[in-house]
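In: quick one, structure for this:
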Amino acid sequence: MSTALRIAHGAFGRVALLDMDRSLVRHAHHHCHVLLKVEGADTQFMVGDRVTPLTDTAAVLVDGWKPHAYVHDVNRPRTLILALYIEPEWLKEFRPGWAASGAPGFFEQPSGEVSPRIRQLTMRLAAEMMAHPDAVRSHEETLSDLMIAVIERFTPWRSFPSSIRGMSAVSCDWRIRRAVDAMRTRDSYANVDQFVRGAGLSRAQFFRLFETSLGVSPKLYLNVVRMERALDAVMREETPLGELSERFGFPEPAHFTRFFRDHAGVSPREFRNVSRLAG
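Out: Predicted structure coming up:
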């Protein structure tokens, strides 16, 4: 079974050191998502409809809201993966244009050849997290160097706007924007149909406009909202997991555990325990 060896979190987002031997369901993140192999077997992800290898020399690069899934080969050994879930607002502190890291098209390709520096920083960050799980400031410094190296190598960063004025807004139908706002402010486990009715569109129109605007289906988006809220609650609250299961719309704790593990790779209890090593 997959395990989380270390989890660091802060203004940068979160970084997880995951020992994986189990596939994950198709999902997405609002983060700039980078996956780097530390050790173990070569493996792969499905990014959109493309099979993307993860090896010592190949990173997996996932734009914000890009559907993807981890695809584990049961005939291969485990893979230790450094998974970066980086907040675009944090990256904007380096360069304003890097706020685009949460939007489609930030990475030129879903895979790229790892440079010696990226490999060195990957191994350094993994080793620091294992040896000193509570040294979050040190982790953030290494992470900063790693993300700068990743962005400079795998994105057309020089063409990004250098100021806020130069950043154009992403086009989104106003009815879909209103539905998204409602999804993020109401119960994250609400049925999609209530948002269809609120938009005043047919179900087919709503689904087509939603996917055109955001690149993901309404159901997948709702699962992302639910999972991000669950992750935050598991990390930051003392609320018993049984109560969190009810809060997020699961009648049985086992259903909540399965949902959480299918998206994060580990159970909510393990995620909570490991994330608090960094406290």
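
In: let me see the contact set for the nearest residue to Asp173 once chain neighbours are set aside.
Out: Nearest residue to Asp173, sequence neighbours excluded (Cβ to Cβ, 6 or more residues apart in numbering): Leu209, at 5.1 Å. Placement of C-beta: from N, CA and C, glycine included. With contact set as Cβ atoms under 8 Å, 6 or more residues apart in numbering, Leu209 has these partners: Asp173, Arg175, Ile176, Leu201.

In: state the distance from the closest residue to the last one other than its chain neighbours to Lys219.
Out: What it means is Leu201. Using Cβ to Cβ, 6+ apart and skipping the chain neighbours, the partner closest in space to Leu201 is Arg175 (6.4 Å). Distance of Arg175 to Lys219, given as Cβ to Cβ, to the nearest Å: 18 Å.

In: also Arg229?
Out: 16 Å.

In: look at the two and report which has more neighbours.
Out: Arg229 (17 against 12; other Cβ atoms under 10 Å).

In: now the more buried one: which helix or strand?
Out: Per DSSP states H and E: Arg229 is located in helix 218-236.

In: what's in contact with that helix?
Out: With Cβ under 8 Å, 6+ apart, helix 218-236 has contacts from 7, 9, 14, 26-30, 67, 179-180, 183-184, 188-190, 192, 195-196, 206-207, 210, 214, 216, 239, 241, 244, 247-249, 256, 259-260, 263-264, 268, 271-272, 275-276.

In: before we move on, what about stretch 151-158?
Out: With Cβ under 8 Å, 6+ apart, stretch 151-158 has contacts from 59, 61, 91, 95, 97-98, 101, 106-109, 112, 115, 118.

In: same thing but 7 Å
Out: Leu61, Trp98, Phe106, Phe107, Glu108, Gly112, Ser115, Ile118 (Cβ atoms under 7 Å, 6 or more residues apart in numbering).

In: let's see which of those residues end up in helices.
Out: Using DSSP state H, the members of these that fall within helices are Ile118.

In: same list (the contacts of stretch 151-158) but as a markdown table, adding pLDDT, distance to Met1 and neighbour count.
Out: Listed next are those as a markdown table, based on pLDDT from 0 to 100; distance: Cβ to Cβ, whole Å; neighbours: other Cβ atoms under 10 Å:
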| residue | pLDDT | distance to Met1 | neighbour count |
| --- | --- | --- | --- |
| Leu61 | 98 | 27 | 26 |
| Trp98 | 89 | 36 | 24 |
| Phe106 | 91 | 33 | 24 |
| Phe107 | 94 | 31 | 24 |
| Glu108 | 91 | 35 | 10 |
| Gly112 | 97 | 30 | 20 |
| Ser115 | 98 | 33 | 16 |
| Ile118 | 98 | 29 | 23 |
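
In: redo the contacts of stretch 151-158 as CSV? Include distance to Arg124.
Out: What follows is these, written out as CSV (distance: Cβ to Cβ, whole Å):
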residue, distance to Arg124
Leu61, 20
Trp98, 22
Phe106, 24
Phe107, 23
Glu108, 26
Gly112, 19
Ser115, 14
Ile118, 11
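
In: rewinding a little: just the contacts of Leu209 now: which is nearest Glu128?
Out: Ile176 (41.7 Å; Cβ to Cβ).

In: count the residues that sit near Arg247.
Out: Around Arg247 there are 17 residues (other Cβ under 10 Å).
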